[in-house]
Structure formats: C-alpha cells, structure tokens
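Undergrad: model this:
(2 chains)
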Amino acid sequence: MNFDEIKNLLTKKFGEGVIVEIENNGLQPALQINPDFIVQVCEELRDNKNTWFDFLSCLSGVDHGPEKNKFEIVYHLASIPHKQQLVLKTSRAHDRISSQLPSFQSVSKIWRTAEWHEREAFDLLGIYFEGHPDLRRILLPDDWEGYPLRKDYLAAEEYKGIKIN
Amino acid sequence: MQINKSRYAQLTEGLKPEEMIINMGPQHPSTHGVLRLELITDGEIVKEVIPHMGYLHRCFEKHCESLTYQQIIPFVDRMDYMASMNNDHAFVMGVERMMGIDKDIPKRVEYIRVLVCELNRISSHLIAIGTYGIDIGAFTPFLWCFRDREHIMNMLEWASGSRMLYNYIWVGGLFYDLPVGFEERCSEFINYFKPKLTELNQLLTENQIFIGRTAGIGVLPLDVAINYGCSGPMLRGSGLKWDLRRIDEYSVYPELEFEIPVGKGEMGKLGDCWDRYKIRTEEIAESIRIIEQCLERLQKEFKRSPEFDPRAKLPKKIIPKEQDFYIRAENPKGELGYYFICDGKTEIPKRVKARGPSFNNLSVLPEISRGILIADLIAILGSIDIVLGEVDR
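TA: I've put the predicted structure just below:
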C-alpha cells in the first residue's frame, strides 16, 4: 500500500477528522494524526494485513520551542512483510507553565518497544503517556529536576553539592 | 500529576518471604559496562529482572542542539564505541540524503567506507564473541579475539589517526584517502585471519561445554523479537532474514555479494543464545567476503590516483532544507537510526534523536529471563551484546 492508499484507508475507517495535516516537504512524507485517535490508528496499521506495520523503529518526542508551545510525538513505523516505512506524527499545544505535563496516549500495548522510548520521552522532555505501565525516569537519576531536552531548559547550578559548569 | 502505581512499585513492594532483591552491577563485569540489573530472586531462580541504566548518560541529543552536523560526528563515534565507523556511516548518509548529494559521492569513497565499516563490524563481533566466552567461563577465546582485533585497530588507526573513535567518514567524503599500502596490508590480514576464524570456531562454537551453557537458553520467539523492536543478530537469530544492507540497499552494498545468516536452531531451539552467537561468527565470514570484494575493486576499477581527492565533494556549508528525515542502517548490533529535524536556516540541527539498537535489544531482557537461573541470565545478557555507550547515549 502506498502513502495515499494508507491515507484513504484511515479516513474511510475513522472519518475525516483523523488526519489533521499531511506534511510533504521532505523526502519522507508524514501523516499528522489527531492525538485522540493515535492508538486506534496504530492498532489498525499494525493489524491490517495490507499495511502490517509490525515494527516500531523509533518513537521520538519533540519540543517545538517556547514560541510555538507545541509538543509532538513522531512514530517511525516499518513493515517487515511489505518492506515499507511510514511516519506518523501527533501533536498537542501546551503552555509549559501549568503543572500538568503535555499528555498523549501510550502505544506501548501495541508495540512493547514503545515502553522504553516513551519512558525516554517522559524523562528528557516531560511528556506524560496515559496508560503506560511503568512511567519512570530511564536515563537520568530519579531525583533530577526539569526536563533537559526542552528548549527552555536551564541547567541547575549544582547537583547534590557538585557544581555543574 | 498523578501516576498510577507503576509496575516497578508493584514488583518491588509486595515481596514474598522467600523472595530477595539482588543487585547485579553496575560494576559487574558481565554486564558489559555500567548496567544495573535489579533481580527479584527465589533461591537461584530469577523471577523478574528490572534493568536500570543511565550511568553513562551524556545527553547526546542535547549536545546536538548546539553543534553543526560536521561537529556531531565525533559525538556519534562515542555512542557505540565498538563500531564507530558504522555509526559515522549511518549519520553521514542521513545528512547526505537530506542535502541531496548522496548520488554524487565518488565510488572510491563509497568502497572505502564500506571497507572500513566491515572491518569495524568484524572487530565489534570479535569483542562480542570474546567477552561472551569469558562470561561463560572460557578465557582463551577472549585473548584470541583481542589479539586479532588489535590488527584491525592498528589498520584503522593508520587510516584515521585514532584507535577507537575515528571521525574518518565525513559528510561528502572522507578525512583522507587510505594510506599507501593499506590494501596490501588488509589483504595480508584477511589471509592471516581466515584460519584464525576456523580455529576460533573449533575452540568455542563447537565446544560441548559452551553449547551446554547456551543452547536452549533464553529462547526469543520471533513475534516477541519484532514487537520489542529487536534487530540485527537478535532478530536474525530468531530466524528472520532481515538485514538493512539488503532491504534498504544503501551505499554500494547492492554491488557486493554476501549472504545473510539466520538462526536455525541447530543446537537447541530456534532463537536461543547459541543461535545469536552463531550469527555473529557467520557474519564475520560474510564481512571477510565483502572486504575481499572491496579490496579487489579498490585495486582495479577504483585504483588510487594522485588526482583523487576524497574531500572534493565536501559541502562548504551543510544547511539542509527544512525537513524531517529518518535514516536507518545496519550496525553490527542492529538497526541504528537517526531522526533529524532541520529548520533550513542554520548549520545546527533542531533535533537529532538516535535510535540505538542496543537500547531496544536490551528492553526484551526482562521478557525472556523470567524463571531462569541466575547463571543463565549472564548467558542471555552476553548474547544480546549491548554497548552501554549506546543504551545511555
């Protein structure tokens, strides 16, 4: 199935609102998915025998900076039987002031590999994943404050009495 | 922010009287670096494994936010420091495709890249095999592997100037052409190394004690491997012919002949530790084939000439147009991916995310090591072949 067929398949199954935007400016086109639908879309893409995206290559969290105030998750899917790749994106606005973290649905039930990728996004970008079984920091110490990969992150003066330069 | 009681809390709080928590690592030699495994044990049986990593975290992705593409290459070297050339190759390919110059790279440059990558693949697999032997209790293969790896390191040092972290492959070309006489010395090494590989197989691969410790242990079914994003020898050990050098056909790999070894379950079950180990020995043999073909072409069609300049195609300024791009390539340990976001204005990427094969391969460990003996856990961990520099980045 090519890119347009996948797009049609999704709009036919979940309605017009599922695809918010199609990004076509680079070598790899991407589908911007409505964040409320992301789990259903992923499940359909994995289980449908025509698409069969059984391998999640990469899941990345992206912070688009304080001007845009937008947090995004990018899914790179690969289909082993069809030897295809697909990029899905989903984003939410967040003002980064409120105590609530930007929140997305977890796809760790669909691809178990997403579990650690989502923990990494939580750890470094402060993105909360609903339905994640074990959302803890993964790379940084448990008592670390702040989320280093956010664009407005300022390094602390010291960590446990050790000066950070 | 409310967090439901996580799986970790459930596992570690409600211990039964006969259960005990044991920490393996972070300074345990068989964890191949600084990895801590929290084991919930009942006697000698492992009930649950909880990996804790991050001891080697340097926030590679944060560094990338303030460096140009060319400056990132040395940082990329330090991720999987056993296979720096392969890391560089994947990264450079990604940038070249974004720039649209991947078709202009001279053939000699591409062949040299593949040559050094395959040499590095051999040295990475030699480490995997050698340290795996030592985990199981065989000391000699470790010394033999390190002896042969030293030859590769010397050769790559000759070409690039450093022993492990090469920074040799550049966007659009190479640091330098191969030194004069490299091809001959490399052929000499191959002739020396071939019988040594047979010896190594006789010593370890067919060793009855080794087979007893690894066959039928840590069986990874194919569907679990795919669902956990395992790649490289892990995935092929479970019986799937999946090698990105053939799937994506990048660089000059379509012009080269080589086979993709897959696990067959010869000694125990399909997808056990022995299968994963065996894939690595077979891949060394395939890499030797690739190197021989590269050397032949580098001495004939793409012979060195005084006019040849490996830096001729180097772009003056690396500013890809505004786009996102994900590149993947076959590292010795599996699928290495980089996800770039470029804003089209500066030489500094907006975001670079690295998808390390070890990171994903390690995540399957708790799944395949429930209900096994502690000694077998060492065998399973060694067969995954992780590099903590890449898990923690």
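
Undergrad: for chain A, what lies in contact range of chain B?
TA: Taking Cβ under 8 Å from any Cβ of the partner chain as the criterion, the neighbours of chain B within chain A are A:23, A:25-28, A:30, A:54-58, A:60, A:62, A:74, A:76, A:80, A:83, A:85, A:87, A:99-101, A:111-113, A:115-116, A:124, A:128, A:133-141, A:148-149. C-beta: built from backbone N, CA, C; applies to glycine.

Undergrad: for the residue nearest the centre of chain A, grab phi and psi.
TA: Residue closest to the mean C-alpha point of chain A, counted by Cα atoms, centre = their mean, is residue A:73 at 2.4 Å. According to degrees, to the nearest 10, the main-chain angles of residue A:73 amount to phi -120, psi 130.

Undergrad: what is it paired to in the beta sheet?
TA: Residue A:73 has these beta-bridge partners by DSSP bridges: residue A:61, residue A:90.

Undergrad: list the contacts for the residue lying closest to residue A:25 once chain neighbours are set aside?
TA: Leaving aside its sequence neighbours, residue A:25 sits nearest to residue B:323 (Cβ to Cβ, 6 or more residues apart in numbering or on different chains; 5.6 Å). With contact taken as Cβ atoms under 8 Å, 6 or more residues apart in numbering or on different chains, residue B:323 is in contact with A:25, A:26, A:27, B:98, B:342, B:344.

Undergrad: which of those residues sits closest to residue B:8?
TA: residue B:342 (37.2 Å; Cβ to Cβ).

Undergrad: just give me the neighbour total for that closest one.
TA: Around residue B:342 sit 25 other residues, with neighbours defined as other Cβ atoms under 10 Å in any protein chain shown.

Undergrad: chain neighbours aside, what residue packs nearest to it?
TA: Distance criterion Cβ to Cβ, 6+ apart; nearest residue to residue B:342, sequence neighbours excluded, is residue B:320 at 4.6 Å.

Undergrad: isn't that neighbour up against residue B:102?
TA: No: the criterion here is Cβ atoms under 8 Å, and residue B:320 misses it with residue B:102 at 11.7 Å.

Undergrad: comparing the two, which residue is more hemmed in?
TA: For residue B:320 versus residue B:102, the count of surrounding residues by other Cβ under 10 Å is larger for residue B:320: 22 against 17.

Undergrad: one step back: mind pulling up the pLDDT for the residue nearest to residue B:342?
TA: Turning to residue B:320, the model gives it a pLDDT of 86.

Undergrad: from residue A:102, how far out is it?
TA: Distance of residue B:320 to residue A:102, given as Cβ to Cβ, to the nearest Å: 28 Å.

Undergrad: also residue B:186?
TA: Residue B:186 sits 52 Å away from residue A:102, going by Cβ to Cβ.

Undergrad: hmm, back to that, just the contacts of residue B:323: which are in helices?
TA: When the contacts of residue B:323 are checked against helices using DSSP state H, the ones located there are residue B:98.

Undergrad: what's the farthest-apart pair in the contacts of residue B:323?
TA: Spatially, the most separated pair among these is A:27 and B:344, at 13.7 Å (Cβ to Cβ).

Undergrad: residue B:222 contacts residue B:265, doesn't it?
TA: No: with contact defined as Cβ under 8 Å, residue B:222 does not count as touching residue B:265 (11.4 Å).

Undergrad: what's the overlap in contacts for these two?
TA: In terms of Cβ under 8 Å, 6+ apart, residue B:222 and residue B:265 are both contacted by the residues B:239, B:271.

Undergrad: rewinding a little: need phi/psi at the residue nearest to residue B:342.
TA: The phi and psi values for residue B:320, taken as degrees, to the nearest 10, are phi -70, psi 150.

Undergrad: OK, contacts around it?
TA: Listed by Cβ under 8 Å, 6+ apart, the contact set of residue B:320 reads B:95, B:98, B:99, B:340, B:342, B:344.

Undergrad: the second one touches residue B:341, doesn't it?
TA: Looking back up the chat, that one is residue B:98. No: applying Cβ under 8 Å, one finds residue B:98 not in contact with residue B:341, separated by 10.5 Å.

Undergrad: lowest-pLDDT helix or strand in chain B?
TA: The helix or strand of chain B with the lowest confidence, counting by mean pLDDT, DSSP states H and E, is helix B:7-13 at a mean of 80.

Undergrad: which elements pack onto that helix?
TA: Contact here means 3 or more Cβ pairs under 8 Å, 6 or more residues apart in numbering or on different chains; DSSP states H and E; on that basis helix B:7-13 packs against strand B:36-42, strand B:45-52.

Undergrad: could you point out which element follows the longest one?
TA: This means strand B:45-52. Per DSSP states H and E, strand B:45-52 leads on to helix B:60-64 as the next helix or strand towards the C-terminus.

Undergrad: tell me the bridge partners for the residue nearest to residue B:11 when sequence neighbours are not counted.
TA: For residue B:11, the nearest residue in space outside its immediate sequence neighbours is residue B:48; the separation is 5.6 Å by Cβ to Cβ, 6+ apart. The bridge-partner assignment for residue B:48, based on DSSP bridges, gives residue B:40.

Undergrad: so how many other residues sit close to residue A:137?
TA: Neighbours of residue A:137 (other Cβ under 10 Å): 16.

Undergrad: repeat that for residue A:43.
TA: Neighbourhood size, residue A:43 [other Cβ under 10 Å]: 13.

Undergrad: what's the distance between it and residue B:389?
TA: 35 Å.

Undergrad: show me the contact partners of the least confident helix or strand of chain B.
TA: Contacts with helix B:7-13, where a contact means Cβ under 8 Å, 6+ apart, come from A:133, A:134, A:136, B:21, B:38, B:40, B:48, B:50.

Undergrad: next, the buried residues of the helix or strand following that helix.
TA: On the C-terminal side of helix B:7-13, the nearest following helix or strand under DSSP H and E is strand B:19-24. Along strand B:19-24, the positions that meet the burial threshold by neighbour count (16 or more other Cβ atoms under 10 Å in any protein chain shown) are residue B:24.

Undergrad: repeat that for stretch A:88-105.
TA: Judged by neighbour count using 16+ other Cβ under 10 Å, the buried positions of stretch A:88-105 are A:88, A:89, A:90, A:91, A:94, A:101, A:102, A:104, A:105.

Undergrad: okay, those residues in CSV with pLDDT next?
TA: Formatted as CSV, these follow (pLDDT from 0 to 100):
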residue, pLDDT
A:88, 90
A:89, 91
A:90, 91
A:91, 89
A:94, 84
A:101, 85
A:102, 87
A:104, 90
A:105, 90
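
Undergrad: flag every residue of chain B that's near chain A.
TA: Contact residues (Cβ under 8 Å from any Cβ) of chain B with chain A: B:1, B:3, B:6-8, B:53-54, B:57, B:59, B:61-62, B:97-98, B:226-229, B:240, B:242, B:247, B:321-326, B:328, B:335, B:337, B:339, B:341, B:351, B:353, B:355, B:359-360, B:363, B:367, B:392-393.
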